[in-house]
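# Here's a sequence, model it:
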Amino acid sequence: MRAELAAQGAVLDDVFYCPRAKGACDCRKPFIGDGECDRLLAERCGIPFALVRGGRVVGTSVPP
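Next up is the predicted model:
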């Protein structure tokens, strides 16, 4: 994944994942972004969202 993204010019700071099967635990990481389109993506994926501005979390949302 990293190599494919790097070939397209993307830079990843880090990659996080849960090794357990989907639904087997509550340790899924939230989606982090700095804009409305990021929040909408997280909402549509049904995952928590953290809004970041200036390196600080300034808002969060959790899907119903």
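# Pull out the buried residues from whichever strand or helix holds residue 40.
Secondary structure from DSSP states H and E places residue 40 in helix 36-45. Within helix 36-45, the residues that count as buried by 16 or more other Cβ atoms under 10 Å are 38, 39, 42, 43. Every residue, glycine included, has its C-beta placed from N, CA and C.
# Quick check: closest non-adjacent residue to the residue positioned nearest the centre of the chain.
The C-alpha lying nearest the average C-alpha coordinate of the chain belongs to residue 31 (Cα atoms, centre = their mean; 2.3 Å). In space, and not counting its chain neighbours, residue 31 is closest to residue 42: 3.8 Å by Cβ to Cβ, 6 or more residues apart in numbering.
# Can you give the distance from stretch 50-64 to the centre of its chain?
The chain centroid and the centroid of stretch 50-64 are separated by 11 Å, computed with Cα atoms, centre = their mean, to the nearest Å.
# With stretch 15-22 instead?
13 Å.
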